[in-house]
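In: sequence? don't have it. structure:
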């Protein structure tokens, strides 16, 4: 693998003025990702709260650059295969989704080895 860019990332646990405890990923001064506040009564706050009820290891982070929202979102989770299967099924309930072959762990590992090449 070739490194194209590298950041010295800091992960912080912060408390907002209203008392919510959130994760913050700082890439550089003035450029960070802040976790969505699940206590906020807004479209994304309510959605995040509901997602976290079923998937506590799921996280949403909003990008802030030079004190402005960029409109970009970092979202992800560290899950076991059975957990991501449930999540993917909830997101993609269609006939198109059903036609995809389930990826086997060995096949995924082989693809990762090829990337490291």
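Out: Here it is on my side, so go on. The structure displayed is predicted, hence computed values, not measured ones.
In: now do the domain split for the protein, please.
Out: As assigned by automatic domain parsing, the chain contains the domains 1-78, 79-117.
In: pick out the shakiest of those domains, pLDDT-wise.
Out: Mean pLDDT values for those show the minimum at domain 79-117, a mean of 65.
In: and the longest strand for this protein?
Out: Under DSSP state E, the strand in the chain containing the largest number of residues is strand 68-77.
In: and the angle from whatever helix or strand comes next after it to strand 68-77?
Out: Reading on from strand 68-77 to the C-terminus, the next helix or strand found by DSSP states H and E is helix 81-91. Computed with axes from the mean of the first three to the mean of the last three C-alpha atoms, to 10 degrees, the direction of helix 81-91 lies at 120 degrees from that of strand 68-77.
In: packing partners for helix 81-91?
Out: Contact analysis of helix 81-91 by 3 or more C-beta pairs under 8 Å, 6 or more residues apart in numbering; DSSP states H and E lists strand 68-77 as its packing neighbours. From N, CA and C alone the C-beta is placed, and that goes for glycine too.
In: dump the domains of the chain into a markdown table; add mean neighbour count as well.
Out: Written out in a markdown table, the entries for those read as follows (neighbours: other C-beta atoms under 10 Å):
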| stretch | mean neighbour count |
| --- | --- |
| domain 1-78 | 13 |
| domain 79-117 | 10 |
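In: which residues of this protein fall in strands?
Out: For the chain, the strands identified by DSSP E occupy 10-15, 21-28, 31-35, 58-65, 68-77, in order along the chain.
In: give the pairing partners of the third one; include direction for each.
Out: Within its sheet, strand 31-35 is paired with strand 21-28 (antiparallel), strand 58-65 (antiparallel), according to DSSP bridges.
In: just the last one next, same as before
Out: In the sheet, strand 68-77 lines up against strand 58-65 (antiparallel) (DSSP bridges).
In: any chance you could list what contacts the strand it pairs with?
Out: The set of residues external to strand 58-65 that reach it, using C-beta atoms under 8 Å, 6 or more residues apart in numbering, is 23, 25, 30-36, 44, 48, 51-52, 69-77, 79, 87.
In: the same query, at a cut-off of 7 Å, please.
Out: Residues outside strand 58-65 that contact it (C-beta atoms under 7 Å, 6 or more residues apart in numbering) are 23, 25, 30-36, 48, 51-52, 69-70, 72-77.
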